[in-house]
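Undergrad: pasting the structure only:
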């Protein structure tokens, strides 16, 4: 979790930049919905609740109603307003605050083909209200409180093809019973998260250097050129100097950045880039020499100090 | 399918020259939309484009050639998938279990042997003309073009890309931007907030990184700080009169948006995060799902390091040590993350409305070179699609016996794009005008019969 805060900030800025562009558009366009639906008081009421109401693309008589961002506070009272939109064929109530009691309002939406109730507090009693929605083809109940009892209420939905019951109390036996009645129905159970295989980190073999870097002895740090950008590689420093040394990266703007110290006869594997310069000093920051990194994975032996 | 509300907005937009649309164009677009309304199929709402930058080998993914000579078939064995008769490479066992959801296209080909040209044609469906530089004359990328036809739900961007832009040795590549649609259609770049980074070079892009706000604690003080930041950010822009409006929107976004929630991966069940894998490749796929769930119509995910950097690091440009890299770092992350995405979309009931597309620059050569690598091979390669009304468990087209050229049903990146547009309910023949007013069909390809 490196740089979490700045990463988030990054995202915010992206959003803001987007808004600079979008506001330019929105200001020139009509800010309010300009469709015919805007004149329908029932539609306006649902939009006020944070719902998105759109005509189904291929069939303008049918409506698609969704509660996404901004509409999550929809409750049973609000659902009454939604139920006034009788032409609704697709209704998404995912993650809203509706309850079992509220689902009775859906009884009249007999044109519904697609219904999202996932991640709500809906349970068996609520699903009982859906028994008359005979046009339903898709019903999403994952992350609800339903059990096999709810499945028993769905047997009259002959057109139902897809049912989602991940993270519910539904059992194999319940699903099997429903599928006997509705053989064309596909029930998606999802994965059992407690049985997921553990993540096996990829085994990384020990790094084998391909070349030796040339030691450039110097007592002046200004001899070490600043780094230039390049491709990533690794350098394995080996300290044969007979004393503790400090390892500095010469940055792109010619600053020395301390990366660490290496003990006598010690090693340090360093991620770096080609065209980078690494300056080695003794413990008192007195320069001893430097290495210029190439493209290949390299060994950099710090020789015996004179 | 073209939404009427959206079209009216477009007319207004065009009246100030922002999108370069004309009224007749829109009427034609609407007319052709109506003409294709005979199909009862529901269009996909969202699209996730998974891009394997550098060129993923078709041999070591969706088109193994176990019967080819040993110097061509390589070190890996094929495995059976969930669909009898379809074999994948042994190192994508997770995707093999999802073969019933995937349509594999094994006969894509083009003539662009370099990365910039390969990326450009794979992302735009067109050949890169002139230099390699990215410009407003470029064709819009597939995600940018889709976002042109999709109004985002509530306050979300229309197209997002993760987790970095694509570079080749420090040069930004053309082909993954809004091109002549205009800067407002450039997908918004968002970094993935967590996960082991891809080895190699992934450069940061643009003027980012100087907002210091904690999203988790939405306090008024921070909101004010944001507004101050915004003022600083925008004072070079001419549109001062819009400042108040967009400040309000940005603040609303910060305080009320479901997108900030979607971005916060710590809100996800840790076991789900584990399912995708602790690598940025996995956490990026998870973020893609969360963004789509929050209403973002198009998300593009780069499945590898951002800069090809001469083939070093975790990108698909495996000119040397191909098999070692594929087995050790590239395929395990790719397989775990993408198969988790398909599992997750399916069990949440999202896959039928979410089109997942796997694209890449090109395939890799039949011949294994002296460095144990495979080189660029645009003459034939594979792409894959899932969800969004695509019929899974099928293979379209074939490469020849050695995977060198198309064996049957050759097709182009533009044909793949036409397929994507059709799945998204967008007529590939829709006419749009570029910034000089020249008319173009958004796609020259023919949709493949994958539905």
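TA: In hand now; what should we look at? Because the structure is a prediction, the values reported are computed rather than measured.
Undergrad: compute the first-to-last residue distance for stretch B:190-200.
TA: This stretch, stretch B:190-200, spans 19 Å end to end (CA to CA, to the nearest Å).
Undergrad: that stretch vs chain A: in contact?
TA: Yes - interface with chain A: stretch B:190-200 contributes B:190, B:191, B:193, B:194, B:199, B:200 (CB under 8 Å from any CB of the partner chain). (C-beta placed from N, C-alpha, C; glycine too.)
Undergrad: distance from that stretch to the middle of the chain?
TA: Distance, stretch centre to chain centre, for stretch B:190-200: 17 Å (CA atoms, centre = their mean, to the nearest Å).
Undergrad: swap in stretch B:51-71?
TA: How far stretch B:51-71 lies from its chain's middle: 21 Å, per CA atoms, centre = their mean.
Undergrad: okay, buried residues for it please.
TA: Residues of stretch B:51-71 classed as buried: B:51-65, B:68 (neighbour count, 16 or more other CB atoms under 10 Å in any protein chain shown).
Undergrad: got the phi and psi for the residue nearest the centre of chain B?
TA: Geometric centre of chain B, nearest residue: residue B:49, 2.6 Å, by CA atoms, centre = their mean. Backbone torsions of residue B:49, given as degrees, to the nearest 10, read phi -100, psi 120.
Undergrad: distance check, it against chain A.
TA: 18 Å (CB to the nearest CB, to the nearest Å).
Undergrad: I figured that residue hits residue B:303, correct?
TA: No - under the criterion of CB atoms under 8 Å, residue B:49 is not in contact with residue B:303, lying 10.2 Å apart.
Undergrad: show me how to select, in ChimeraX, the buried members of the residues of stretch B:190-200 next to chain A.
TA: In ChimeraX, a selection of the buried entries from the residues of stretch B:190-200 next to chain A looks like this (16+ other CB under 10 Å):
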select /B:190,191,193,194,199,200
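Undergrad: of all the residues of stretch B:190-200 next to chain A, which two lie farthest apart?
TA: Pairwise distances across the residues of stretch B:190-200 next to chain A (CB to CB) peak at 21.2 Å, for the pair B:190 and B:199.
Undergrad: ok, residue B:116 - contacts?
TA: Contact partners of residue B:116, counting by CB atoms under 8 Å, 6 or more residues apart in numbering or on different chains, are B:128, B:132, B:168, B:171, B:173, B:174, B:175.
Undergrad: how about the nearest residue to whichever residue of the stretch 151-300 of chain A sits closest to chain B, chain neighbours excluded?
TA: Closest contact between the stretch 151-300 of chain A and chain B, by CB to the nearest CB, is at residue A:190 (3.2 Å). The shortest distance from residue A:190 to any non-neighbouring residue, by CB to CB, 6 or more residues apart in numbering or on different chains, is to residue A:166 (2.7 Å).
Undergrad: got it, and residue A:169?
TA: Residue A:169 sits nearest to residue A:147 (CB to CB, 6+ apart), 3.9 Å away.
Undergrad: look at the nearest residue to residue A:305 once chain neighbours are set aside and report its pLDDT.
TA: Sequence neighbours aside, residue A:241 is the residue nearest to residue A:305 in space, at 4.6 Å (criterion: CB to CB, 6+ apart). With respect to pLDDT, residue A:241 scores 95.
Undergrad: again with the one 10 residues further on
TA: Confidence per residue is given as pLDDT, and for residue A:251 that number is 87.
Undergrad: hang on, the earlier thing: surely the residue nearest to residue A:169 and residue A:168 touch.
TA: Yes - between residue A:147 and residue A:168 there is a contact under CB under 8 Å: 7.2 Å.
Undergrad: who has more neighbours, those two?
TA: residue A:168 (23 against 17; other CB atoms under 10 Å in any protein chain shown).
Undergrad: quick one: residues contacting the more buried one.
TA: Residues in contact with residue A:168 (CB under 8 Å, 6+ apart) are A:141, A:142, A:143, A:144, A:145, A:146, A:147.
Undergrad: in three-state terms, label residue A:85 for me.
TA: Three-state assignment for residue A:85 (DSSP: H, G, I helix; E, B strand; the rest coil): coil.
Undergrad: residue boundaries of the helices in the chain?
TA: Since you didn't name a chain, this refers to chain A. Ranges of helices within chain A are A:4-28, A:41-48, A:76-83, A:124-127, A:148-152, A:172-181, based on DSSP state H.
Undergrad: that's the wrong chain, I wanted chain B
TA: For chain B, the helices defined by DSSP H cover B:4-15, B:23-35, B:70-73, B:93-97, B:115-124, B:142-148, B:220-234, B:243-256, B:258-263, B:270-276, B:280-293, B:322-325, B:331-347, B:413-423.
Undergrad: go through those and find the least confident stretch.
TA: Of all those, mean pLDDT reaches its minimum on helix B:4-15 (a mean of 33).
Undergrad: tell me the domain ranges of chain B?
TA: By the assignment in automatic domain parsing, chain B contains the domains B:45-203+B:264-426, B:217-261.
Undergrad: quickly compare these and say which is most buried.
TA: Scoring the domains of chain B by mean neighbour count under mean count of other CB atoms under 10 Å in any protein chain shown gives domain B:45-203+B:264-426 as the most buried, with a mean of 22.
Undergrad: straight-line length of it, end to end?
TA: Distance between the two ends of domain B:45-203+B:264-426: 11 Å, counting by CA to CA.
Undergrad: and it, how far from the chain's centre?
TA: Put simply, domain B:45-203+B:264-426 sits 7 Å off its chain's centre (CA atoms, centre = their mean).
Undergrad: and if you look at stretch A:144-160?
TA: What separates the centre of stretch A:144-160 from the centre of its chain is 31 Å, taken as CA atoms, centre = their mean.
Undergrad: list the buried residues for it?
TA: For stretch A:144-160, the neighbour count (16+ other CB under 10 Å) marks A:144, A:145, A:146, A:147, A:148, A:150, A:151, A:152, A:153, A:154, A:157, A:160 as buried.
Undergrad: which residues are in contact with the third one?
TA: I take that to be residue A:146. Contacts for residue A:146 were tallied using CB under 8 Å, 6+ apart; they are A:122, A:123, A:124, A:127, A:165, A:168, A:169, A:170.
Undergrad: find the nearest non-adjacent residue to the fourth one, please.
TA: Put plainly, it is residue A:127. Residue A:127 sits nearest to residue A:150 (CB to CB, 6+ apart), 3.9 Å away.
Undergrad: now swap in residue A:54 and tell me
TA: With CB to CB, 6+ apart as the criterion, residue A:54 has its nearest non-adjacent residue at 5.0 Å, and that residue is residue A:64.
Undergrad: so the one you found makes contact with residue A:82?
TA: No - Residue A:64 is beyond contact range of residue A:82, at 11.9 Å (criterion: CB under 8 Å).
Undergrad: of these two, who's got more company?
TA: Taking neighbours as other CB under 10 Å, residue A:64 and residue A:82 compare with residue A:82 leading, 25 against 19.
Undergrad: now do the contacts for the more buried one.
TA: Contact partners of residue A:82, counting by CB under 8 Å, 6+ apart, are A:46, A:49, A:51, A:65, A:74, A:88, A:91, A:105.
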